[in-house]
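>>> I need the structure of the sequence given here:
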Amino acid sequence: MAQILVLQETPARFKPLTAVLAGRHKLTEVNSVERAMTALAAHNFDLIISRVHLESGSVFEFMHRVKQDPLLKSIPFVCFSGRFGKIARRLDPLMMRIGELHGMKKFIRLEDYCSTGTCDFNALRQTFEECL
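Below is the predicted model:
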């Protein structure tokens, strides 16, 4: 069972993310970059998952802080996009490239696992677990 830190400002909107991992792993959910940094200082995590589209704060600033810290930099960092549609499809490749430059392990788009109202949550879970 892995220890996973999940940063998402509105947890209720993204239950699929936590639902696919809960039960198999211990999740610590936080809703701000500062709370994420506090949790990282207090616990040992095997994986960090952060929403890429944060309303307050920057996922890239957060990732930079993690990757600059000698005690945290080896933790795999995954960016997760739960947005759908044309705008997300245009922005996500840019966000992915910036994340790669900051040391991101993987960029995961919910839209790649969901279509026409159904989602392949097993495939989504496996993709997250491959990052451990």
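>>> So which residues make contact with the longest helix along the chain?
For the chain, the helix that runs over the most residues, judged by DSSP state H, is helix 86-101. Helix 86-101 has contacts (CB atoms under 8 Å, 6 or more residues apart in numbering) with 52, 53, 59, 60, 63, 79, 81, 83, 104, 107, 109, 111. For glycine as for every other residue, the C-beta is placed from the backbone atoms N, C-alpha and C.
>>> Run a quick neighbour tally on residue 83.
Counted with other CB atoms under 10 Å, residues neighbouring residue 83 total 15.
>>> Now render the contacts of helix 86-101 as a markdown table, adding pLDDT and secondary structure.
Output for these, formatted as a markdown table (pLDDT from 0 to 100; DSSP: H, G, I helix; E, B strand; the rest coil):
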| residue | pLDDT | secondary structure |
| --- | --- | --- |
| 52 | 89 | coil |
| 53 | 80 | coil |
| 59 | 93 | helix |
| 60 | 93 | helix |
| 63 | 96 | helix |
| 79 | 95 | strand |
| 81 | 88 | strand |
| 83 | 73 | coil |
| 104 | 96 | coil |
| 107 | 96 | strand |
| 109 | 90 | strand |
| 111 | 85 | helix |
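>>> Now list the buried members of those residues.
52, 53, 59, 60, 63, 79, 81, 104, 107, 109, 111 (16 or more other CB atoms under 10 Å).
>>> Let me have those residues in a markdown table, adding distance to residue 44 as columns.
Converted to a markdown table, the buried ones among the contacts of helix 86-101 look like this (distance: CB to CB, whole Å):
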| residue | distance to residue 44 |
| --- | --- |
| 52 | 24 |
| 53 | 27 |
| 59 | 22 |
| 60 | 24 |
| 63 | 18 |
| 79 | 21 |
| 81 | 27 |
| 104 | 20 |
| 107 | 24 |
| 109 | 28 |
| 111 | 32 |
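>>> which stretches of this protein aren't confidently modelled?
11-14 (pLDDT under 70).
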